[in-house]
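1. let's see this in three dimensions:
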Amino acid sequence: MPILVDIDAYEHHLFSRALGRGAAAKASMGTRIECLDIGLVNNMPDAALMATERQLFDLLEAAAGKLVVRMHFYTMQTTPRSDWGRDYVRRYYRSTDDLLMGSLDGIIVTGAEPKAPHLTEEPYWTSIVQVMDWAAENTTSSVYSCLAVHGAVMHIDGVERHKLAAKCIGVFAQTKVSDHPLMHDVPATFRTPHARWNEVKERSLADCGYSVLTKSVEAGVDCFVKQQKKSLFVHFQGHPEYDTQSLLGEFRRDIGRFLRGESEVCPTIPKSYFDAAAEATLVDYRRKAVSNRCPELFSCFPADQLTKGLRNVWHPSARRVYRNWLLYMASRRAARSRPLALNESSRKKAGWATA
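-> From the prediction side, this is the model:
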């Protein structure tokens, strides 16, 4: 089923992703169509706003099957943005103040690049706390990604994040360590992108009652869950939603900052992401960046050479996990005797209770 988008402006880029999809989305706002209503609280920086929308739109579409899903877009007004970013969210997003007055089946809260030494010092801290408290009481399930994960576990259970010696970036092998229904039909081992400077540790999570579902020898805990009041909180330290070139774009951004003197750390090459030829090219480029650090070198970044061999090996498992997440919310909706087109055998197969 196409994903419906709760945006009035037809020029938004998601409406062009399939013929007729924008018209269907606009028409649905005035009908009684039964669907899962999912809010995206997009806290990403300006350069990643549109990409994050596209990535999660595509992932939900791939996961939905016969379920009907409608996306709603929310922004925290306290998130620092450029003039362009403020104008963009003004046109296409609602404020989280509106979110707190509404009702949704689930929300997805993205992270942001950490700026302050402590999460409580981030300019949007008060806003994200309000969203998390609201979600615990008013959603069936809530997904938190990357930095939003660290904010959620610290606010609710006092679990502190820990600074890593180097950025954790790459595509890392994950092991499934739980038979939780979210992991139904997910392979025993699979791969997920990570890109972060901090982590929360498995022991701390276990001490506070979290269930770890997947983890990595190299990257630590990835997916973990805990029931928070009325909502199942699902946390991803990694980025299952990333598209094929996301890590390349992030490395390119970081190397640009290094060359311009905005950062003193020459970024680490993403692990297990490039093929041998591309990695050799990047090792050579990085060596030049370290020995001859200057802004002009950025124009020589070999993006075309690096793109050729990239493969998205994580999408199938990401699609399965998000499929299970949607089925969970649909089964809870059905249990409350609200009509929703849902394949009964699929729900039972996924292991979700229907009553």
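
2. name the residues that touch the helix or strand where His72 lies?
-> Per DSSP states H and E, His72 falls inside strand 69-75. Contact partners of strand 69-75, identified using CB atoms under 8 Å, 6 or more residues apart in numbering, comprise 1, 3-7, 25, 28, 35-43, 53, 56-57, 60-61, 89, 92-96, 98-99, 104, 326. For every residue, glycine as well, the C-beta is placed using N, CA and C.

3. what pairs with that strand, and is each one parallel or antiparallel?
-> If you go by DSSP bridges, strand 69-75 pairs up with strand 4-5 (parallel), strand 36-41 (parallel), strand 94-95 (parallel).

4. okay, and the beta partners of Val225?
-> On the basis of DSSP bridges, Val225 is bridged to Ser211, Val234.

5. what count of nearby residues applies to it?
-> Here the count is done by other CB atoms under 10 Å, and Val225 has 18 residues near it.

6. returning to that earlier point: save the strands paired with strand 69-75 as CSV, and put in mean pLDDT too.
-> Formatted as CSV, the strands paired with strand 69-75 follow (pLDDT from 0 to 100):
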stretch, mean pLDDT
strand 4-5, 92
strand 36-41, 97
strand 94-95, 96
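
7. reformat those strands as a markdown table; add mean neighbour count and distance to Phe301.
-> Compiled in a markdown table, the strands paired with strand 69-75 are given as follows (neighbours: other CB atoms under 10 Å; distance: least, CB to CB, whole Å):
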| stretch | mean neighbour count | distance to Phe301 |
| --- | --- | --- |
| strand 4-5 | 24 | 34 |
| strand 36-41 | 24 | 30 |
| strand 94-95 | 16 | 37 |
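
8. indicate which one of the ones you listed is closest to Glu199.
-> strand 36-41 (22.0 Å; CB to CB).

9. run the chain-centre distance for the helix or strand just after that closest one.
-> Sequence order places helix 49-64 as the next helix or strand after strand 36-41, per DSSP H and E. Relative to its chain's centre, helix 49-64 lies at 9 Å (CA atoms, centre = their mean, to the nearest Å).

10. stretch 240-250: which residues count as buried?
-> Judged by neighbour count using 16 or more other CB atoms under 10 Å, the buried positions of stretch 240-250 are 240-243, 246-248, 250.

11. pretty sure Lys176 is touching His184, no?
-> No. The criterion here is CB atoms under 8 Å, and Lys176 misses it with His184 at 10.3 Å.

12. next, the angle from the strand holding His72 to helix 49-64.
-> Relative orientation of strand 69-75 with respect to helix 49-64: 160 degrees, computed using axes from the mean of the first three to the mean of the last three CA atoms, to 10 degrees.

13. how about Val143, secondary structure?
-> Secondary structure, DSSP: H, G, I helix; E, B strand; the rest coil: Val143 is strand.

14. show me the beta-bridge partners of it.
-> Ile108, Val234.

15. who touches it in this structure?
-> 106-109, 234-236, 325.
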